[in-house]
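K.L.:
Sequence plus the predicted model coming up.
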Amino acid sequence: MTRLRQKHSGAYFTPDPVVSTLVRWAVHTSSDRMLDPSCGDGRFLAAHRNSVGIEQDAASAAAAMERAPWALVHEGDFFAWAAETTERFECAAGNPPFIRYQTFKGGVRERALALCRSLGAEFPGLASSWAPFLVATASLVKRGGRMAFVVPAEIGHAPYAAPLLEYLISSFGLIHIVSVRSKLFPELSEDCWLLYAEERGGHTETIRFTALDSFRPNNAKRPPKSGEDISVAEWRAVWNRRLRPFILPESARNLYRLAAEHKDSIRFGAAASIGIGYVSGANDFFHLRPSTVDRLRIPEALLHPTVRNGRVLPSQQLTQATIEKWRAADAPVMLLRLPKVSKDKLPVAVRDYLDSTAGIEARGAYKCRVREPWYSVPDVQMPDFFLSYMSGRSANLVRNAGKATCTNSVHGVRLRNAVAMKRILEYWTNDFVALSREVEGHPLGGGMLKLEPREATRILIPAESILSQADPEVMAEAVVTMQRWRHYAD
């Protein structure tokens, strides 16, 4: 398949050692009937003679039939098929397509979410395709049956993974997640883990979790015995329904749990509100260089200095001197900030710029096209602090002494409690707080740490009594562990 087709269909075919291992986990006898809900070119079907596959891509379905001529392969939408079929299976195995919500849309998405809703799994709007695939597949597994799947590492932290895990917890007697640090698909930025579930028709109060540095094929009928049983109650109450913190050593995790439960600990959200900056819709048009301002004679009153990305932020404080340095470098950091007035009330120089070739192109951009007037950028604010949205080693928290604004590539932090903020600033570089950013944030491709606003509000500042118990070496090593798992400095 071409790269573009792969990306849009989520079809990245599974290495043979992973296929054979998962099929051994799922299939216990030769008579077991196995389902692969997105069979691709038939790699899982070829590993077991009594198998059924569904595949929406015609070329891949034809390849599956050729690879596994004994298998029954249905070409079409899995969710439509799953809603109608009366077939049931002893087991299921595969690698469901990882299609993000932006592409997972239309009739297929509506059918998927409606089917999951009827089964008791309610997914949020940002759910990617693989999670509904697994809920629908589980509904087709016979009582006592099993599932073994490759899953994105997002199962360990994404909010939309929680409804999937809740459904599996209430539907299987055993749930085992095997996290793998090294990449199963070296060509992808996405990390993948393994999911095993058995005893369909039961329910469980624990999630078995195993963390492996690399995948090792085995001939066992079950995942590795190493690991620990996580209380579902603790997963919900302490870890915000996330499994990723269980990558950490137990000593660091126990201290973090004590801090989270301590009455004198605080979260970042207690000190400030955190949100994304403005969306201009046409950055190159709305962000002007000082030389361009002079040439076009744009009035200074209609311009505002802005932070366009986190890389330009100083370490602690953004001042007027910082802004003057940007201007001296002729950087495009002056936001054209126009009021919501009719164009004829704007200065002639501005009207000429709006009617220029660049302006005509900008007004056709989606965000500009859908707002009125198109040239007035909404939600421009001057926050008290800036917070890195994505970072490598560490997220910056920077005071906005220069009264700049920011785009949505940086978070704006607005003060609510000065006393709490003083404490956050005091401990921001502490290894415990650095660990909290890793725990509450999530990995992004390229080794980056991403902090959504809701995640940033959960950053934990521990009580003094907890900090006094923290072994600096243990905390520092815990931070390094989380960074290694997101491939920072690999």
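P.N.:
All right, it came through fine.
K.L.:
Can you pull the phi/psi pair for Gly310?
P.N.:
Main-chain dihedrals, Gly310, degrees, to the nearest 10: phi -70, psi -20.
K.L.:
Report the separation between it and Ala395.
P.N.:
The spacing between Gly310 and Ala395, counted by Cβ to Cβ, to the nearest Å, is 8 Å. For glycine as for every other residue, the C-beta is placed from the backbone atoms N, C-alpha and C.
K.L.:
burial measure for Thr29, as a count.
P.N.:
Neighbours of Thr29 under the rule other Cβ atoms under 10 Å: 8.
K.L.:
And the one 4 residues further on, by the same measure?
P.N.:
The burial metric for Arg33, expressed as a neighbour count using other Cβ under 10 Å, is 18.
K.L.:
wait, Met382 sits on Ala404?
P.N.:
Yes - if you go by Cβ atoms under 8 Å, Met382 and Ala404 touch, sitting 7.0 Å apart.
K.L.:
So these two - more neighbours on which side?
P.N.:
In terms of neighbours (other Cβ under 10 Å), Ala404 is the more surrounded of Met382 and Ala404; the figures are 23 against 15.
K.L.:
The more buried one - nearest residue in space that isn't next to it in sequence?
P.N.:
Distances taken as Cβ to Cβ, 6 or more residues apart in numbering place Pro305 nearest to Ala404, at 4.5 Å, with adjacent residues excluded.
K.L.:
who's in contact with that neighbour?
P.N.:
By Cβ atoms under 8 Å, 6 or more residues apart in numbering, the contact set of Pro305 is 323, 326-327, 333-335, 402-405.
K.L.:
Backbone torsions only: list them for it.
P.N.:
The phi and psi values for Pro305, taken as degrees, to the nearest 10, are phi -70, psi 140.
K.L.:
how far away is it from Pro383?
P.N.:
Pro305 sits 13 Å away from Pro383, going by Cβ to Cβ.
K.L.:
Just give me the neighbour total for the closest residue to Gln56 other than its chain neighbours.
P.N.:
Ranked by Cβ to Cβ, 6+ apart and with sequence neighbours excluded, the top spatial neighbour of Gln56 is Asp77, at 5.7 Å. Per other Cβ under 10 Å, the neighbour tally for Asp77 reads 15.
K.L.:
Asp77 is in contact with Glu110, isn't it?
P.N.:
No - using Cβ under 8 Å, Asp77 makes no contact with Glu110, being 11.0 Å away.
K.L.:
contacting residues around the residue nearest to Gln56?
P.N.:
The contact partners of Asp77, taken as Cβ under 8 Å, 6+ apart, are 56, 108, 111.
K.L.:
Does Glu205 touch Asp229 like I think?
P.N.:
No - judged on Cβ under 8 Å, Glu205 makes no contact with Asp229 at a distance of 9.1 Å.
K.L.:
the more surrounded of the two?
P.N.:
Remark: of Glu205 and Asp229, Asp229 carries more neighbours, 13 against 10, as counted by other Cβ under 10 Å.
K.L.:
any idea how far that one is from Ile175?
P.N.:
According to Cβ to Cβ, Asp229 stands 10 Å off from Ile175.
K.L.:
shared neighbours of the two, anything?
P.N.:
Common contacts of Asp229 and Ile175, defined by Cβ under 8 Å, 6+ apart, comprise 206-208.
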